[in-house]
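Undergrad: Quick one: sequence plus predicted model below, questions after.
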Amino acid sequence: MLQTIGIQAKKASTYVRRLSNNQKNEVLAACATKLEASTQEILTANARDMAAADPARAAFNDRLLLNEARIRGMAEGLRKVARLDDPTGETLYVKTLPNGLKIGEKRVAIGVIGMIYEARPNVTTDSFGLCFKAGNACVLRGSSEAINSNTALVKILQEAISELGHPPEMVQLITDTSRETARDFMRLNKYIDMLIPRGNAGLIKTAVENSTVPIIETGTGNCHIYVDESADLQKAVPLILNAKTQRPSVCNACEKLLIHRKHEGFAKEICQALHDAGVEIRGDEAVCDIFANAKPAAEDDWHTEFLDMVIGVKMVDGFDAAVEHISAYSSGHTDVILTESYAAAHEFIELIDSAAVFVNASSRFTDGEEFGLGAEIGISTQKLHARGPMGLKALTTTKFFGMGTGQIR
């Protein structure tokens, strides 16, 4: 089954390379219209997934749930991608060698991109739209929890593509959601050119350890906010609440809060504000002494991406202690300092080795659309070949070309 999908995807990727920007935009617009017209079909499929979901996993279920507004958002997402500049075909430079041979470099599609992701059906349409606009075919493998939603969505996308006379295999879904098939997919390097796992740390670790396809590590966000000695504490409260509670189930939500030891009064205030908002506080010994409702944090808590209304809070002796803690526990996604010190701000930017580092701003801004990329397929926490929010250009590569008049070496 996987080999068949791989062969079809490889063939489709060659077809996609031939499409003009206008043709790709026409496909994206047709897919958007088809999604909206098929709203009831999608909701029916999603209802089956929701009926099988564990009601105790509120944050997880929020990511799984579809409604009319979210389907409209998915359709509008495809239209937004259509409005973005096509990155493929861009000539980066051309130079003429002494022998008259012209050597250039241009941007091209990667080929076939594989996606392995968890229960967020919108990733299905987002992944297709971005991969396709960048000139790639894509093979998708969602989780078992969203299988009915994903099957319906890919069927609708394929129908829209076929109605325009193009091969539907430009987007394919692996419907076998077993772990064995996922691992086999990770080894399909004969057909898949790049694999992007999106999900929890376990999924990404499995991909790193098993994949023979080059992968992009994305998503794991053990994000920190450090409240420095000189922080404006009035700004800090709404900023921290936004970073933790605005959407706790996403990778750019704040998971750890470090507070300078001189701010004990503020620590009690922000813990109370978080507690009132429904957030469970897991604190070090100092925090538990300051705030009676805090639970003692275990060592594993400092490593954990909660993706829920839970936060780890720790008192630190100063800037160096905060940097040391972040360097030890951060996943390299997004880390923040709240400070009015110019020197501390710039030293934090230099010392923290994460994909995004903010000064006096919510971690929730690490997002392709917020960064002006138009959209993103994920947030890379590695350094090769992409880092941070991955827009269209991150789904391309380059090739060299030469134009000669008969030169020989």
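TA: On my side now, so go ahead.
Undergrad: residues contacting Leu274?
TA: Residues in contact with Leu274, defined by C-beta atoms under 8 Å, 6 or more residues apart in numbering, are 240-241, 244-245, 281, 311. C-beta: built from backbone N, CA, C; applies to glycine.
Undergrad: Assumed Thr398 was part of a strand.
TA: Yes. Judged by DSSP: H, G, I helix; E, B strand; the rest coil, Thr398 forms part of a strand.
Undergrad: in terms of contact, does it touch Arg107 like I think?
TA: Yes. If you go by C-beta atoms under 8 Å, Thr398 and Arg107 touch, sitting 5.6 Å apart.
Undergrad: tell me, what's touching the two both at once?
TA: Joint contacts of Thr398 and Arg107 (C-beta under 8 Å, 6+ apart) are Leu92.
Undergrad: Same drill for these two, tell me which one is more crowded.
TA: Between Thr398 and Arg107, counted using other C-beta atoms under 10 Å, Arg107 has the larger neighbour count: 19 against 10.
Undergrad: by contact count, what packs against the helix or strand where the more buried one lies?
TA: Using DSSP states H and E, Arg107 falls within strand 102-109. For strand 102-109, the packing partners by 3 or more C-beta pairs under 8 Å, 6 or more residues apart in numbering; DSSP states H and E come out as helix 2-18, strand 91-96, strand 396-403.
Undergrad: for this structure, what helix or strand is lowest in average pLDDT?
TA: Ranked by mean pLDDT, DSSP states H and E, the weakest helix or strand in the chain is helix 58-64, scoring a mean of 85.
Undergrad: Tell me how far that one lies from the chain's centre.
TA: Distance, stretch centre to chain centre, for helix 58-64: 16 Å (C-alpha atoms, centre = their mean, to the nearest Å).
Undergrad: With just CA atoms, put it into PDB.
TA: Taking Å, rounded to 0.1, in the frame of the first residue of the first chain, the C-alpha atoms of helix 58-64 are listed here in PDB:
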ATOM      1  CA  ALA A  58     -10.400  18.800  26.900                       C
ATOM      2  CA  ALA A  59      -7.400  20.500  25.200                       C
ATOM      3  CA  PHE A  60      -6.900  17.600  22.800                       C
ATOM      4  CA  ASN A  61     -10.600  17.500  21.900                       C
ATOM      5  CA  ASP A  62     -10.500  21.200  21.200                       C
ATOM      6  CA  ARG A  63      -7.900  20.600  18.500                       C
ATOM      7  CA  LEU A  64      -9.900  17.700  17.100                       C
END
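Undergrad: which is the next helix or strand following that helix?
TA: helix 68-83.
Undergrad: secondary structure element for Gln139?
TA: Careful, residue 139 is Val and not Gln. Counting by DSSP H and E, Val139 is part of strand 137-141.
Undergrad: which other residues reach that strand?
TA: 5-6, 9-10, 12-13, 15-16, 111-117, 124, 127-128, 131-132, 150, 154, 169-174, 177, 181-182, 185, 192.
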